[in-house]
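1. got a structure for you, letters missing:
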């Protein structure tokens, strides 16, 4: 018979620590990349025009603009 030894909780926590760190690093990298794309998009001429159009629309909806 082939019996497997269960992994002790302390050992399991040590194994999962590296995985959690890698997941945080991947999510952080994705967030920074998305932020960079949004910054580049919204600071371009097209992005500025789009923002002005959206704000004008909402102000018109509220009856302010």
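-> Looks like it came in fine. No experiment lies behind these values; they were computed from the predicted model shown.

2. tell me which residues of stretch 43-62 are tucked away?
-> Going by neighbour count (16 or more other C-beta atoms under 10 Å), nothing in stretch 43-62 comes out as buried. For the C-beta atoms, the positions are set from N, CA and C on the backbone; glycine is no exception.

3. ok, and what's touching that stretch?
-> 41, 42, 65 (C-beta atoms under 8 Å, 6 or more residues apart in numbering).

4. chain center to it, what's the gap?
-> Chain-centre distance of stretch 43-62: 24 Å, with C-alpha atoms, centre = their mean, to the nearest Å.

5. begin at 38, not 1, for the rest of this chat.
-> Yes, from this point I'll number from 38; that puts the last item at stretch 80-99.

6. average pLDDT for it?
-> Stretch 80-99 comes out with an average pLDDT of 95.

7. for residue 81, give me phi and psi.
-> In terms of degrees, to the nearest 10, the main-chain angles of residue 81 are phi -80, psi 170.

8. how near is it to residue 73?
-> With distances taken as C-beta to C-beta, to the nearest Å, residue 81 is found 13 Å from residue 73.

9. which SSE is residue 70 in?
-> Using DSSP states H and E, residue 70 sits within helix 46-79.

10. ok, then the element right after that helix?
-> Following helix 46-79 toward the C-terminus (DSSP H and E): helix 82-99.
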